[in-house]
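In: Build the 3D model from these lines:
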Amino acid sequence: MRRLLAVSALALMLSAGAVHAQAAPPVSAQAVDAAVQRILPRVTAWRRDLHQHPELGFNETRTAGVVADHLRALGLEVRTGVGKTGVVGVLRGGRPGRVVALRADMDALPVQEATGLAFASTATGTYMGNTVPVAHACGHDMHVAMLMGAAEILAGMKDQIAGTVVFVFQPAEEGAPPGEPKGGAALMIQDGALNDPKPEAIFGLHVVPGRPGSVFYRPEGFMAASDRVDISLKGKQTHGAWPWRGVDVIAVAGQVVETVNTLTARTIDPTTTPTVFTIATINAGVRYNIIPDSATLSGTLRTFDTAQRDALVARAETAIDHVAEAYGATAEFGVKQNAALVFNDPGLSAWLAPVLTEAAGEGNVNPATPPTTVAEDFSYFQQVIPGVFYHLGASPDGVDPATSAPNHSPEFSPNEKVLPLGVKTHVLTALRFLERN
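Out: The predicted structure follows:
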C-alpha cells in the first residue's frame, strides 16, 4: 500500500512538473514595447491609408478587406460579413485558457475634412440619397490600425498565450444609417460576433481631445445613452401676410425648441446625472412669404439614468402635443435609441487600472474621470458580456486639449504619437486578462 502511495505521489509530482514546464512566464511590458516599436511604421502606414480611403457605415468594404487580408496573413480564423461589413478574427493561443475580445470601429462620417494633412481625404459617399464628402473625423482609422497592430503582435506570441483573443472590427458605430433598423454593434451581436468562442470580457478604446499619452475612463456609467428624437408638425399653409388664415408651424417649431430646453433645465436635477436634450435640425418651407403646412425637427437626447430618461421622454411628448394643440396644429413625436449607456464593469475597471499604467506609465492613467455626454455603441457589447471602454488623449502637440478640435469636426486630427500606446494597451490588456488566475 505504501509503495502504491509513493508511486501515486511520484506520478502527481511528475505531472505537476510537466504542467509547470509547459507554462510560459508572463510576457513583459518591455517585450511588448519592443514589438510595438518594430511594427509602428506599418501601423502608421495603415492609419494613413485608411484615412485617405474612408467609408460610411455599412459601406466599409475596402476597409473590411484590408483588415480581413491582414488577419488571414497572420494565420487567424477570419469571419467576414458579420453585421454586413464587420470582421471577426480569432487567435487561439498555444494552450487552452480564457477568451477575451478587443474591438475597433471602422466607419467614417459625412464630413468635409479641413485638417490640411498630406493624406487628407478627398473621398465621397452617398448619404440620404446625396453625394457627400467623407472623412475619418472621429479617429476610427486610428482604432483600426491600432487593433491590426495588436493582432500582429499577439499572433507573434501565439505559443506563449494560454487562451484565445477575439478581434472585433465593427461597422456603423456612428449609428444606423437611414433606413437601417440597427447599428453596427447590435447587428454584429445578432450575427454571432460574440459566439464560438464567447469572450468572458471585451475591451475597447477611443481617441479624443486630451493630453497625448494620457488614458482615462471611469467605472459604471462613462458615456451617455443616446436617443435620436424626431418631431413632425402639421399645420395649415397660408400667405406670409395672413398668418391668421392658416396654422403657423414655424411658430409652433419655435415653441417646441423652447419647451424642450425648458423641460430639460427645469425638470431634471442637474446634481444627479448629466442630461442633454438638443434640437439640432429644423426643416420647413420653400419660400420667404409662404407659411408652410409642415415642419420637421430632429435632435438628440443624452442620459445616464433609464428611469429619468423615460420620464423626460414622456413629459416632452405630452408638452409638445399641448404646444401644437394650442396653435391648432398636430405633432408626432418619435424616439429611437442609437446607443445604450456605456457601463464599465466595476470589477474589470479596477483590475484594468494597473494594466493601463503598465502600458502608459505612472501618472498617465485616470480611472475616475467625469462622465461624458458623447455616446458609443460599444455599450451593446457590454450588455452581453462585461467590458471596459477607455479614452486615449490625442490632441496635437502644443495644443490645449480644451481648445483642440473635437471629434466630428472638420479639423479633428488625432496625434499619431498615440498610435503605439493604443497598440500597447490592447496587447497588454489581452495578455494580462488571459494570465489571470
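In: so Ala104 sits right up against Ile202, yeah?
Out: No - in terms of C-beta atoms under 8 Å, Ala104 does not count as a neighbour of Ile202; the distance is 11.5 Å. Quick note: C-beta positions are derived from backbone N, CA and C, even for glycine.
In: These two: who's more crowded?
Out: Remark: of Ala104 and Ile202, Ala104 carries more neighbours, 27 against 24, as counted by other C-beta atoms under 10 Å.
In: what about Arg266, neighbour count?
Out: Around Arg266 sit 7 other residues, with neighbours defined as other C-beta under 10 Å.
In: Quickly find the element holding it.
Out: When elements are defined using DSSP states H and E, Arg266 is found to belong to helix 249-267.
In: what does Gly299 give?
Out: In this structure, Gly299 sits in strand 294-303 according to DSSP H and E.
In: on contacts alone, who are the packing partners of that strand?
Out: Contact here means 3 or more C-beta pairs under 8 Å, 6 or more residues apart in numbering; DSSP states H and E; on that basis strand 294-303 packs against strand 225-234, helix 249-267, strand 276-284, helix 306-327.
In: 7 Å instead, please
Out: Packing contacts for strand 294-303, counted by 3 or more C-beta pairs under 7 Å, 6 or more residues apart in numbering; DSSP states H and E, involve strand 225-234, helix 249-267, strand 276-284.
In: May I see the buried residues of that strand?
Out: Judged by neighbour count (16 or more other C-beta atoms under 10 Å), strand 294-303 contains these buried residues: Ala295, Leu297, Ser298, Gly299, Thr300, Leu301, Arg302, Thr303.
In: Go through those residues and name the one nearest Ala172.
Out: For Ala172, the closest of those turns out to be Thr300, at 17.0 Å, with distances computed as C-beta to C-beta.
In: quick one, phi/psi of the residue positioned nearest the centre of the chain?
Out: Closest residue to the average C-alpha location of the chain: Glu376 at 4.0 Å, with C-alpha atoms, centre = their mean. Comment: the main-chain dihedrals of Glu376 come out as phi -150, psi 130, following degrees, to the nearest 10.
In: Quick check, it in contact with Met223.
Out: Yes - the pair Glu376 / Met223 is scored as a contact, 5.0 Å apart, by C-beta atoms under 7 Å.
In: returning to that earlier point: mind saving the C-alpha coords of the strand holding Gly299 as CSV?
Out: Extracted C-alpha coordinates of strand 294-303, given in CSV (Å, rounded to 0.1, in the frame of the first residue of the first chain):
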residue,chain,number,x,y,z
SER,A,294,-45.5,71.1,-42.2
ALA,A,295,-42.2,71.2,-40.4
THR,A,296,-39.8,68.5,-39.1
LEU,A,297,-37.4,68.8,-36.2
SER,A,298,-34.7,66.3,-35.1
GLY,A,299,-32.4,66.2,-32.2
THR,A,300,-30.5,64.1,-29.6
LEU,A,301,-31.2,63.1,-26.0
ARG,A,302,-28.2,62.1,-23.9
THR,A,303,-28.9,60.5,-20.5
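In: That strand - which strands sit beside it in the sheet, and in what orientation?
Out: When pairs are called by DSSP bridges, strand 294-303 turns out to pair with strand 225-234 (antiparallel), strand 276-284 (antiparallel).
In: what helices or strands is the helix or strand just after the longest one leaning on?
Out: Spelled out, it's strand 225-234. Elements were assigned by DSSP H and E; along the chain past strand 225-234, the next helix or strand is strand 238-239. On a contact count with 3+ C-beta pairs under 7 Å, 6+ apart, strand 238-239 meets no helix or strand.
In: OK, contacts around Asp321?
Out: Residues counted as contacts of Asp321 (C-beta atoms under 7 Å, 6 or more residues apart in numbering) are Ala331.
In: now it: how far from Ser298?
Out: Relative to Ser298, Asp321 is positioned 17 Å away (C-beta to C-beta, to the nearest Å).
In: With Pro243 instead?
Out: Between Pro243 and Ser298 the distance, using C-beta to C-beta, works out to 25 Å.
In: Then Val252?
Out: 15 Å.
In: And for Asn261?
Out: With the distance defined as C-beta to C-beta, Asn261 ends up 15 Å from Ser298.
In: Strands along the stretch 1-150 of the chain, start to end?
Out: Assignment of strands within the stretch 1-150 of the chain using DSSP state E, counting those that start in this stretch yields the ranges 77-82, 86-92, 95-105, 124-127, 130-133.
In: For the first one, buried residues please.
Out: Just to be clear, that refers to strand 77-82. Neighbour-count burial for strand 77-82, counted by 16+ other C-beta under 10 Å, picks out Val78, Arg79, Thr80, Val82.
In: out of the residues you listed, who's nearest Val423?
Out: Out of these, the one with the shortest distance to Val423 is Val78. That distance is 19.8 Å, counting by C-beta to C-beta.
In: if we look at the sheet, which residues does that closest one bridge to?
Out: Checking Val78 by DSSP bridges, which sets the bridge assignment, gives partners Gly89.
In: Please report how far it lies from Phe378.
Out: The span separating Val78 from Phe378 equals 22 Å under the rule C-beta to C-beta.
In: same thing with Leu74?
Out: Applying C-beta to C-beta to Leu74 and Phe378 gives a distance of 24 Å.
In: Which residues does stretch 351-359 contact?
Out: Counting by C-beta under 7 Å, 6+ apart, stretch 351-359 makes contact with Ala29, Val215, Val365, Pro367, Val388, Tyr390, Leu421, Lys424, Thr425, Leu428, Thr429, Arg432, all of which sit outside it.
In: Give me the average confidence score over it.
Out: Model confidence over stretch 351-359 averages 98 on the pLDDT scale.
In: What are the buried residues along the lengthiest helix in the chain?
Out: Longest helix in the chain, counting residues (DSSP state H): helix 29-52. When neighbours are counted by 16+ other C-beta under 10 Å, the buried residues of helix 29-52 are found to be 29, 32-33, 35-36, 39, 43, 46-48, 50-52.
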